[in-house]
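S.K.: how would this look folded up:
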Amino acid sequence: MSQENIKALIVDDNYFCAKRIEKLLKKSLKVSKIDISNDIEDALEKITLLKPNIVFLDYELNDSNGFELLKRIPQNNKSIFIMTTGFDKYALEAFNYSIFDYLLKPFKDSRFFASLDRAINYIEIDKEESQINLNRMPIKQTGKVLFINSPDIKYIKSSGDYVEIHINKKKYVIRHSISNLYEELNKDHFYRIHRSTIINLNLIDEILFSDYGEIDVKIKNEVFRVSRTYKSGFLNTMKIK
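M.R.: Residues are numbered from 1 along each chain as shown. Modelled structure (predicted):
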């Protein structure tokens with residue numbers, strides 16, 4: 001993982017506690033983005049939209065608590081949760097929710113960084129192992145399973161309950177949801193530019209801008225429209241302002 005890839009979310013209704021954690025996180029070269037929430041609804045929205053790698057979760061949150069938040073986290077969420085609280089009596093229950101670590105306030109800086117480093121190391125190892133799988137994709141065909149190299153995929157189009165995977169001049173059709181397939185791909189190399197289209201970023205030849213604010217992507221003499229829903233994220237990914 002690159003040096004600036006970790007996104008962190010602090011969920012704490014105590015302003016000073018949240019700011020202290022934020023200050024500590026800013027000392028890490030590997031943490032690039034830090035957000036703060038002070039209630040469950042806002043935290044759920046940020047977890048869904050921002051997909052933080054690490055969430056520092058306080059137990060007491062206004063009229064609710066951290067466990068109520070954890071009960072509402074989608075099963076496919078991959079964030080690591082580190083609980084930060086002034087009460088040790090919740091530690092056992094916390095680990096029933098697969099809490100990565102339990103920091104008892106007031107914790108020392110050294111204890112915080114030990115937990116942060118361990119979480120980042122876990123994320124990096126998990127990503128490396130995932131990359132091994134992401135680089136090879138099994139494609140079920142009649143009577144056999146083919147393995148294709150994901151970096152060779154030019155683009156993917158949805159077609160009803162099926163997706164078409166285009167590699168050079170070949171097309172493979174499999175029964176799969178384009179949304180689920182996108183989650184399996186390496187986001188450093190692939191981007192969903194339309195609800196029905198995923199492209200390989202490394203194969204883009206040109207990005208075309210119209211007078212009406214529309215964007216098209218050209219890949220090997222084929223042109224794909226970037227929908228307005230994905231336009232901002234796509235331009236940010238391509239570092240185009």
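S.K.: Give the buried residues for the longest helix along the chain.
M.R.: Longest helix in the chain by number of residues, with DSSP state H as the criterion: helix 109-134. Across helix 109-134, burial judged by 16 or more other CB atoms under 10 Å covers F112, S115, L116, A119, I120, I123, E124, L134. To be clear about C-beta, it is placed using only N, CA and C from the backbone, and glycine gets the same treatment.
S.K.: Got the phi and psi for the most far-flung residue of the chain relative to its centre?
M.R.: In terms of distance from the mean C-alpha position of the chain, G143 ranks first, at 34.9 Å (CA atoms, centre = their mean). The phi/psi pair for G143 (degrees, to the nearest 10) reads phi 80, psi 10.
S.K.: Nearest to the spatial middle of the chain, which residue is it?
M.R.: Geometric middle of the chain (CA atoms, centre = their mean) lands on K51, at 4.6 Å.
S.K.: Surely that one and K7 touch.
M.R.: Yes: proximity of K51 to K7 meets the contact threshold set by CB atoms under 8 Å, at 7.1 Å.
S.K.: Just the closest of the buried residues of helix 109-134 to K71, please.
M.R.: Nearest to K71 among the buried residues of helix 109-134, counting by CB to CB, is A119 at 21.6 Å.
S.K.: Just give the nearest non-adjacent residue to F147, would you?
M.R.: The shortest distance from F147 to any non-neighbouring residue, by CB to CB, 6 or more residues apart in numbering, is to R136 (5.3 Å).
S.K.: swap in S227?
M.R.: H194 (4.5 Å).
S.K.: Please report phi then psi for that neighbour.
M.R.: According to degrees, to the nearest 10, H194 has phi -160, psi 160.
S.K.: in what helix or strand does I165 lie?
M.R.: strand 162-167 (DSSP states H and E).
S.K.: surely T197 meets S159?
M.R.: No: in this structure T197 lies outside contact range of S159 using CB under 8 Å: 11.1 Å.
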